[in-house]
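Participant: predicted model, plus sequence, below.
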Amino acid sequence: MRDGASMYDPDSGRILDVLCPASSVVPTGCVEEVNESTAMLCNQLDDDCDGNVDEGCVCSPGDVQPCFRGAPMRRGVGACADGMQRCVGGDEFGTWGECSGGIAPSPEQCDALDNDCNGCRDEIEACTPIGSCPAPGDSRVPDGVPFQPYELRGRSFFDSPTAMFYWTVTGGPCDGILPQPSFTLTNEASETAIFNPKLSGDYTVTMMATSELGEAFTCTFVVHVRGPGLRVEMCYPHSRTQDLDLYLSGPGFMGPWFADLSDRHRPAPEVCGWHNCSATIRGWLPGGTEHYSRVDWGYAPSPLEACLMGPRGSQWGTIGSCANPRLDVDNNAGSEGRGLPENINIDAPGDGDTFRIMVLNFTGMDENPLVNVYCGGRRVATYGAAPDLVTGFDGLSTMWRVADVTTHLDAEGNTTCDVNAVHPPGMSGGYDITRNDARF
Ligand SMILES: [Ca+2]
Ligand SMILES: [Ca+2]
Ligand SMILES: [Ca+2]
Ligand SMILES: [Ca+2]
């Protein structure tokens, strides 16, 4: 108890979000919260407050976990939100890399939000907020859906007369290597901006506003963009000028991926790719008179809303539903796909089904592809991001067997996954890259 305000609830073990008198300001540093006995716990927290999360913990390279960039007891309090960290290292075992994204504790602002995540809102002398910034879970910041426009409404956070607004958005790993961000942001200097994400993941949004009196007001928050089920995304730096293809194999398939890799236009009919998995079937069977059949792994199609807003929405509309699996974007299929990630989705994968991810170098120039795996709306693995770039991925018909994903359903019916990187035969680490070898 400090100044009559309950700071800590022993029943829940959490600090409570309350309005506190300014005199109840508590230190925001880590020092008084270090618990030496927990310094090495592998718990997604920076237990010893040295700025590194789960240092010294063993992990599988490519795995992604939530992490918190602040003192442990501030996690989940006030404005604070988890970021993500990736396991880095080229061998069997890696170490957790930098925790990035999310919202860490920051100096208290007068904004109706507990910025330093100490359980008190706006513990600043003479604070009367001119706006109201959202905490995680705020109904003004609902989850987004890939390919569906998302309105960022400045007036719901700041309603001062004749204010000026400016919005910025920061995306995920693909946005750092693509020729342009995967998302679009329009009307970014207006009170309502339109954010259109093409990929799942966490986006950090900042609104900067100025009142007619010249008072500045800023909010930073995370928008979660969630696609259901399993989503696999592949991006690469030169996606305007060369062609890599993403493939996913279905349950029980053991390959090969091609009958003859000298004909890269004819992948196996059982695997999902540009040839048989997009809204319009483009692949021709040998002989060139008949298209492939749409790939069928026994999954029911999703209602049309699941893909109607995507780049091939009108074509799915003709079909009347969204196939599972489906390839949303074939980045060689036309101008709307150039420079974008390819992605393959299964909205409701089965419990215990296993899928293998593969990337083929179609045009043959050296490239460093990156693959993200999302399950139930959460990023669970990223392969090929610096410093663990995919190298030697050059030459026609070079194949990268990325990972095996086994999907599970939790008690609420949400998809969770086990993701295991594929390594060269007999190896316990490294990327499985071959040229002119179509084996599974
Ligand atoms: Ca630490
Ligand atoms: Ca830890
Ligand atoms: Ca506070
Ligand atoms: Ca505040």
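Facilitator: Right, received. Where do you want to start? Ligands and ions are numbered 1, 2, ... in the order given.
Participant: would you mind listing what in the stretch 1-150 of the chain touches ligand 2?
Facilitator: L41, N43, L45, D47, D54 (Cβ under 5 Å from the ion). Every C-beta, even on glycine, is put in place using the N, C-alpha and C of the backbone.
Participant: ok, now with 8 Å
Facilitator: Taking Cβ under 8 Å from the ion as the contact definition, the stretch 1-150 of the chain meets ligand 2 at 38-48, 53-55, 57, 72.
Participant: can you give me every residue that contacts the residue in the stretch 151-300 of the chain that ligand 1 sits nearest to?
Facilitator: Here the residue of the stretch 151-300 of the chain nearest ligand 1 is D202; by Cβ to the ion that distance is 21.7 Å. Applying Cβ atoms under 8 Å, 6 or more residues apart in numbering, we find D202 in contact with G83, M84, G101, G102, G172, V222, V223, H224, V225, R379.
Participant: and it, what helix or strand is that in?
Facilitator: strand 201-210 (DSSP states H and E).
Participant: quick one: that strand near ligand 4?
Facilitator: No - Strand 201-210 lies out of reach of ligand 4 by Cβ under 8 Å from the ion, never closer than 14.9 Å.
Participant: CA atoms only for that strand - export them in CSV, please.
Facilitator: What follows is strand 201-210 as a C-alpha-only set of coordinates in CSV (Å, rounded to 0.1, in the frame of the first residue of the first chain):
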residue,chain,number,x,y,z
GLY,A,201,1.6,-10.6,-37.1
ASP,A,202,2.0,-7.7,-34.7
TYR,A,203,2.2,-4.1,-36.1
THR,A,204,3.3,-1.2,-34.0
VAL,A,205,1.2,1.9,-34.7
THR,A,206,2.1,5.4,-33.6
MET,A,207,-0.3,8.3,-33.8
MET,A,208,1.1,11.8,-33.5
ALA,A,209,-1.5,14.5,-33.0
THR,A,210,-1.4,18.3,-32.4
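Participant: strand partners of it, parallel vs antiparallel please.
Facilitator: Paired neighbours of strand 201-210 in the sheet (DSSP bridges): strand 164-170 (antiparallel), strand 216-225 (antiparallel).
Participant: of all these, which one is nearest W257?
Facilitator: With Cβ to Cβ, the closest approach to W257 among the strands paired with strand 201-210 belongs to strand 216-225: 30.4 Å.
Participant: report how many residues lie close to T210.
Facilitator: 17 (other Cβ atoms under 10 Å).
Participant: check contacts around the residue nearest to V88 when sequence neighbours are not counted.
Facilitator: Residue nearest to V88 in three dimensions, not counting chain neighbours: G97, with 4.4 Å by Cβ to Cβ, 6 or more residues apart in numbering. Going by Cβ under 8 Å, 6+ apart, G97 touches Q85, R86, C87, V88.
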